[in-house]
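Trainee: Let's see this in three dimensions:
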Amino acid sequence: MTEKNYDHLKNKWSIASTKKMMSYSFGFVLTLYILVAFNTLIFYFYEVEVGLEVGLVSLAIIIFSIWIMISSPISGYLTDRPFKWSKRLGYRAPWVIMAAIPTLLFYFLLYTPPNVDAKANPWILFWYLVIISCLFGTFLWIFQEHFNGGFANQFREDFERRRASAFSFIFPGLILFLMSIIPLIILEYGKKSTFVLTAAISISIMAICVIILIPGVRESPEAKERYIQGHREESQISFLRMIRYAFGQKNFMVALIAITLVNVATALNSASSVYYYKDVIQKPIIYSVYSTIVYFIVVMVSLPFWVSFARKRGNVTTFILGIFLSGLAFIPYLWITTWQEDVIWAIIRGIAGSCYMVMVLPINSDCYDEVTNACGKHQEASLFGIRTIFLRSAVIMSALVMALVHVMTGYNQDPAATQTALAIWGVRVHRALIPMFFCFIAGVIMLLGYDLKGEKLYNLKNSLWEKGL
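Mentor: All right, here's what the predicted structure looks like:
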């Protein structure tokens with residue numbers, strides 16, 4: 001049975017309203033912007049603007065990532081159960097709202113390190129970066145675990161998930177577009193205060209989005225009942241048993257490995273962007289606003305096409321195509337020399353990015369459903385925590401790659417320095433060649449190993465309905 005036929009079956013679950021989908025989508029402003037901003041700016045800010053030695057910056061980010069890899073599965077497991085207030089306030093909504101506020105606070109503090117000499121007192125700055133980033137990451141991942149984990153239960157039908165996923169790029173896309181322009185207009189090489197101002201404006205916008213998000217994450221009585229159903233019949237699943245459930249599901253692991261590899265690619269590409277304009281194109285970062293505008297316009301225009309394409313060809317086929325297209329879209333950074341060329345190639349990046357991004361949530365939700373069906377409980381926050389073990393390894397790998405390339409090519413940390421030809425080539429490599437390689441591997445893994453589609457997916461949905469999950 002094809003996914004297209006499945007879409008035309010009678011709905012078994014109540015369908016979320018358009019208003020709820022729109023409200024829910026505003027949570028993606030925080031999750032999408034704050035991670036991209038962290039990956040894009042933090043490494044550059046502490047290496048170049050603060051002046052902390054590249055090895056210490058890389059080590060701090062690795063420690064942060066390891067902390068998240070350890071703490072996120074535990075926090076997901078500890079909060080992934082009904083509490084006394086769950087039936088009244090909701091199973092996930094309270095965690096989403098409570099975690100959002102400290103997330104924004106600690107993100108801002110990352111850009112206000114102690115005013116000390118980085119050469120004379122490097123360890124003060126190093127430990128500040130480690131501690132504040134770990135606090136930031138802890139609350140961000142609690143938010144992510146329950147916001148992203150709740151998507152699968154808030155939106156049950158296949159077509160509903162595609163629609164909700166598309167909404168996650170429409171209004172949030174416009175907001176993210178405006179937010180992405182802010183640093184390009186404000187940031188100046190060699191002026192730390194411009195980074196602080198950018199962070200302040202960004203968290204103010206995200207705070208407004210969190211307020212709009214509240215009606216969207218509020219759970220219906222039906223959704224609360226599905227969460228509580230499995231917990232009535234047996235005690236809490238142990239942490240190790242939950243890991244075995246997750247790792248025992250082939251599709252969950254295949255999709256997780258593929259998404260992790262794509263995350264390595266996108267993290268490298270994002271973190272390389274400031275270096276690229278500064279050292280390769282040799283223009284102020286404001287010039288990248290043109291390619292950013294084109295990229296977001298193309299993403300938004302492409303969304304309806306890819307949603308329609310997925311309806312006809314299936315989520316899995318569309319997702320795999322998006323991975324390969326994303327890898328191809330990185331290649332031009334090997335030869336681009338002007339900001340005008342970057343604008344032209346932003347069209348290709350937008351088409352590829354739209355194809356991949358709109359399918360991530362439906363694919364993840366299907367994988368969560370398969371684990372839920374196997375263990376008899378909704379444990380999406382725990383599953384997101386387990387996914388974090390892999391996803392944070394993407395940040396570690398990208399930080400190691402950048403540090404290794406900079407050391408091997410002799411990158412000069414001085415903001416006013418003119419880089420050597422070898423150092424410039426190194427920036428091209430960690431923005432284009434290595435990301436392309438990771439995407440191609442991810443596409444092959446999905447192509448060969450993922451089979452949750454057609455009849456198998458249809459039977460899974462029926463099984464969940466029969467179990468009241």
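Trainee: residue ranges with poor pLDDT in the stretch 301-450 of the chain?
Mentor: Counting by pLDDT under 70, the low-confidence segments of the stretch 301-450 of the chain come to 373-385, 388, 392, 415.
Trainee: What segments of it are helices?
Mentor: 315-330, 339-375, 380-409, 421-428, 434-449 (DSSP state H, counting those that start in this stretch).
Trainee: Buried residues, the longest one. List them.
Mentor: Counting neighbours by 16 or more other Cβ atoms under 10 Å, one finds that the buried residues in helix 339-375 are 339, 342-343, 345-373, 375. The C-beta positions use only the backbone N, C-alpha and C, and glycine is treated the same way.
Trainee: Same check on stretch 397-412?
Mentor: For stretch 397-412, by 16+ other Cβ under 10 Å, it's Met397, Ser398, Ala399, Val401, Met402, Ala403, Val405, His406, Thr409, Tyr411.
Trainee: what's the closest of the residues you listed to Phe28?
Mentor: Closest approach to Phe28 among the buried residues of stretch 397-412 (Cβ to Cβ): Ser398, at 21.7 Å.
Trainee: Quickly find the element holding the spatially closest residue to the closest one that is not a sequence neighbour.
Mentor: Distances taken as Cβ to Cβ, 6 or more residues apart in numbering put Ala267 closest to Ser398, at 4.0 Å, once the chain neighbours are dropped. Assigned by DSSP states H and E, Ala267 falls within helix 250-275.
Trainee: before we move on, back to that, out of the helices of the stretch 301-450 of the chain, the one nearest Phe45 is which?
Mentor: Closest among these, using Cβ to Cβ: helix 380-409, at 13.6 Å.
Trainee: What is the closest one packed up against?
Mentor: helix 54-79, helix 122-154, helix 239-247, helix 250-275, helix 339-375, helix 421-428 (3 or more Cβ pairs under 8 Å, 6 or more residues apart in numbering; DSSP states H and E).
Trainee: mind putting those helices in a markdown table, distance to Leu213 included?
Mentor: Below are the helices and strands packed on helix 380-409 laid out as a markdown table (distance: least, Cβ to Cβ, whole Å):
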| stretch | distance to Leu213 |
| --- | --- |
| helix 54-79 | 18 |
| helix 122-154 | 8 |
| helix 239-247 | 27 |
| helix 250-275 | 23 |
| helix 339-375 | 16 |
| helix 421-428 | 37 |
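Trainee: closest to Leu187 out of those helices?
Mentor: Closest among the helices and strands packed on helix 380-409, using Cβ to Cβ: helix 250-275, at 8.3 Å.
Trainee: Going by neighbour count, which residues of that closest one are buried?
Mentor: 251-275.
Trainee: one step back: look up how far Phe139 lies from the residue nearest to Ser398.
Mentor: 20 Å (Cβ to Cβ, to the nearest Å).
Trainee: on that earlier part again, with distance to Ile97 added, can I get the helices of the stretch 301-450 of the chain in TSV?
Mentor: Shown next, in TSV, are the helices of the stretch 301-450 of the chain (distance: least, Cβ to Cβ, whole Å):
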stretch	distance to Ile97
helix 315-330	30
helix 339-375	21
helix 380-409	15
helix 421-428	40
helix 434-449	34
